[in-house]
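*Asks:* Predicted model follows, preceded by the sequence.
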Number of protein chains: 2
Amino acid sequence: MKPRARRGGGRPTIADVARLAGVGAITVSRALREPERVSESLRQQIQQAVDELGYVPDPNARALASARAEVFGVLVPSLTNNVFAEVVRGIYDSLSDSSFRVQLGNTHYSGLEEERLLQVFLSQRPSALIVSGIDQTAAARKLLETAGCPVVQIMETGPDPIDMMVGFSHFDGGRAATNHMIEVGYRRIGFLGARMDPRSQRRLAGYRAAMEAAGLFDPRLVTTTPVPSSVTLGRDLFRDALAKMPSLDGVFCNNDDIALGVLFECHRASIAVPQTIGISGFNDFDMMQVAFPSVTSIRTHRYEIGRQAVVMARAAMAGTRPENRVLDLGFELKRRESTDRAGG
Amino acid sequence: MKPRARRGGGRPTIADVARLAGVGAITVSRALREPERVSESLRQQIQQAVDELGYVPDPNARALASARAEVFGVLVPSLTNNVFAEVVRGIYDSLSDSSFRVQLGNTHYSGLEEERLLQVFLSQRPSALIVSGIDQTAAARKLLETAGCPVVQIMETGPDPIDMMVGFSHFDGGRAATNHMIEVGYRRIGFLGARMDPRSQRRLAGYRAAMEAAGLFDPRLVTTTPVPSSVTLGRDLFRDALAKMPSLDGVFCNNDDIALGVLFECHRASIAVPQTIGISGFNDFDMMQVAFPSVTSIRTHRYEIGRQAVVMARAAMAGTRPENRVLDLGFELKRRESTDRAGG
DNA sequence: TCAATTCATGGTAGCGCTACCAATACTTCC
DNA sequence: GGAAGTATTGGTAGCGCTACCATGAATTGA
């Protein structure tokens, strides 16, 4: 019977390499995966044959035979939110020296979509899974617990990790920014939030805790929307907040986009920053420090979160799960001109 | 001999489904891939068995058997550049109704890295490849020509597509922005550019063509750096440009980040925009229209480029390659306050 | 009516690779 | 010197799926 057409219209296979090098196929396989188990001389012969033929192993065949794909499954809620873009970059960069592929999924902030993608990812038997947040649905959590591979929850810390976690406390971040504004003298500090995913909710909770502790909380100070965040939306939220509460003297913004929108609106409406209105953002993107006035923000370590997630997962794959399963990378309050009320 | 451990510690296989449904394995395979070729009654039985077992086909086995993985390979130069983030989002969204996976690669603007990733991607036998730009190395081009799957070059248009193309002319974009500034009365218009990848180079060429046509070109007006773009860098480039050429009355910025940095620096240095300095950006991100003053920019259709790339690739996979292999999605000049010299 | 087609289904043989075991040489240690 | 390792290499049998062909039933057409 004539053999089925070769996969790649003639792409060399491991058998071709073996034939050319005059060894068994399995030895080629070993030479590529565990070179130290193959003698120096054969290793060279094989390498030469590989180079000559331009052989690249088929990851699909490899995954099928070894019951494990060299894939990191990564689920993020958004591809265009720069926070996640940087996390993803950290993940890619940390993996670039290995043969692991990255399988990226966009959950669009939906728990159900996360479940669906998890099913799809799991069908590939990934080597590790990285998921965003700590609010997985019960079904998703179950899938992750029985995934049979390391799982890292990123962006947040919390109790009860599925396996491992790396992130920081959004509650503490929200509280720190708010406390700073209270300390420098702001009193009627509004909260502006978009999308209001779980992490935004926790920042809001941190804001509220700080305001209540200072006896300053008023529900009318809070302005939120489920609409995705944007600079335009920041402007609109600020206008709404001001209309609702003209005595506002500061705003803690859920993220830097919103803060930028507020800053521009202040310029446009000739509202003095930081004198009349103080502004604090969240995430501390590059533009915050260049803005005029520069904007106070909470610096978060996105790239490092991605990097550490990979480090932890690889350690677990090597059988050395870190002692401490929850890694808190913290955050940094960056005080800048936009809240410098005392006046510099 | 005892069978090898099952891949998924007991994940159901197509044979399990076949047994439960009382049909042959191949019929299950068909029911899932070409339901119209299986009778209604069997299809239902099979679907029931699939649901009961929670069967999800193994994409690796599928790829191995069918010599084609349901994967779109996508190569972009950056993950954090919002332009590409939006393109990638367009690609993901267009593919979300299918079972195609996306394999994303970050070339870091390096041709050699692109070649390497292409090799890796090709080893999976992807269904289609989407690559950024039109400046592939000779080796990469060869790999793409013999890839045996549809190839779409995105972001730019140009002659001699490898297979298909969707994008716009960066030269024309740069020229349009510059001409606009000339028309409204700016004369000593600087060019500020970061990274200076091929697309930036072509925008610069467009700028230069416009300036030369108006008899206004002066090489000292051009300030560029190979450093990656950022808002901070925009400020720094502007300071340099101004130091070099104090008579500058406008700047065409290679992208919006740079433009934002310029805008902030103008605020800080109390330089009137658009009166003393006019500013134009490129890409037209949301913040440009909210900025104060709002910033003129070239609106590009990133998301749509991603979407169309998928549409074209799928058409080609279905055997109906579009008549016109190069799709120019154009751009839009958005005139805003930052170049409104006549004064509104 | 019966060959010729079409339709629905199934069996077999791989896809390219690696887990598992076996076999052979080469050491090491009493 | 011989038993018992210890490297080094290879053979066999799949991993889970689908391409290819074969089969039998239903339908068509003259």
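*Replies:* Now that the structure is in, tell me what you want to look at.
*Asks:* For the stretch 101-250 of chain A, which segments count as helices?
*Replies:* For the stretch 101-250 of chain A, helices defined by DSSP state H, counting those that start in this stretch occupy the ranges A:111-122, A:138-145, A:170-183, A:198-213, A:231-244.
*Asks:* and of those helices, who's closest to chain B?
*Replies:* helix A:231-244 (4.1 Å; Cβ to the nearest Cβ). The way it works is simple: take the backbone N, C-alpha and C, and place the C-beta from them, glycine included.
*Asks:* Contacts for the helix or strand following that closest one next, please.
*Replies:* Later in the chain than helix A:231-244, the nearest helix or strand by DSSP states H and E is strand A:250-253. By Cβ atoms under 8 Å, 6 or more residues apart in numbering or on different chains, the residues outside strand A:250-253 that reach it are A:174, A:177-178, A:181, A:186-193, A:207, A:234, A:238, A:241, A:259, A:262, A:277-282, A:339.
*Asks:* Can you tell me which residues in the stretch 201-344 of chain A are near chain B?
*Replies:* A:230-232, A:234-235, A:257, A:260-261, A:264-265, A:267-268, A:286-287, A:289-292 (Cβ under 8 Å from any Cβ of the partner chain).
*Asks:* Include mean pLDDT and mean neighbour count when you put the helices of the stretch 101-250 of chain A into CSV, please.
*Replies:* Formatted as CSV, the helices of the stretch 101-250 of chain A follow (pLDDT from 0 to 100; neighbours: other Cβ atoms under 10 Å in any protein chain shown):
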stretch, mean pLDDT, mean neighbour count
helix A:111-122, 96, 19
helix A:138-145, 97, 16
helix A:170-183, 98, 22
helix A:198-213, 98, 20
helix A:231-244, 98, 20
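*Asks:* Residue of the stretch 151-300 of chain A nearest DNA strand D, please.
*Replies:* Residue of the stretch 151-300 of chain A nearest DNA strand D, by Cβ to the nearest atom of the strand: residue A:151 (21.3 Å).
*Asks:* same check, this time on the stretch 101-250 of chain A
*Replies:* Taking Cβ to the nearest atom of the strand, the stretch 101-250 of chain A has residue A:123 as its residue nearest DNA strand D, at 7.9 Å.
*Asks:* Setting the sequence-adjacent residues aside, check what's closest to that residue.
*Replies:* residue B:56 (4.1 Å; Cβ to Cβ, 6 or more residues apart in numbering or on different chains).
*Asks:* Quick one: residues contacting the one you found.
*Replies:* A:119, A:120, A:122, A:123, B:11.
*Asks:* so who does the fourth one touch?
*Replies:* Right, the one you point to is residue A:123. B:11, B:56, B:57, B:58, B:59.
*Asks:* ditto for the third one
*Replies:* For residue A:122, the set of contacting residues under the criterion of Cβ under 8 Å, 6+ apart consists of A:73, A:143, A:147, B:8, B:56.
*Asks:* pLDDT score for the first one?
*Replies:* At residue A:73, the predicted lDDT confidence score is 98.
*Asks:* for the fourth one, same thing?
*Replies:* Per-residue confidence at residue B:8 stands at 48 (pLDDT).
*Asks:* For the stretch 51-200 of chain A, just list every one of the strands.
*Replies:* For the stretch 51-200 of chain A, the strands defined by DSSP state E, counting those that start in this stretch cover A:71-76, A:101-106, A:128-132, A:151-156, A:164-168, A:189-194.
*Asks:* I'd like those strands as TSV, with mean neighbour count appended.
*Replies:* Converted to TSV, these look like this (neighbours: other Cβ atoms under 10 Å in any protein chain shown):
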stretch	mean neighbour count
strand A:71-76	26
strand A:101-106	23
strand A:128-132	26
strand A:151-156	26
strand A:164-168	25
strand A:189-194	26
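*Asks:* Can you redo the ones you listed as TSV, where the extra columns are distance to DNA strand C?
*Replies:* Formatted as TSV, the strands of the stretch 51-200 of chain A follow (distance: least, Cβ to the nearest atom of the strand, whole Å):
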stretch	distance to DNA strand C
strand A:71-76	14
strand A:101-106	14
strand A:128-132	17
strand A:151-156	22
strand A:164-168	24
strand A:189-194	47
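*Asks:* Can you tell me which of these is nearest to residue B:321?
*Replies:* Smallest distance to residue B:321 across the strands of the stretch 51-200 of chain A (Cβ to Cβ): 28.0 Å, for strand A:101-106.
*Asks:* now for the closest one, which elements pack on it?
*Replies:* strand A:71-76, helix A:82-95, helix A:111-122, strand B:101-106 (3 or more Cβ pairs under 8 Å, 6 or more residues apart in numbering or on different chains; DSSP states H and E).
*Asks:* which outside residues touch it?
*Replies:* Residues contacting strand A:101-106 (Cβ under 8 Å, 6+ apart): A:59, A:69-79, A:88, A:91-92, A:95, A:114, A:117, A:120-121, A:124, A:126, B:89, B:92, B:96, B:101-104, B:120.
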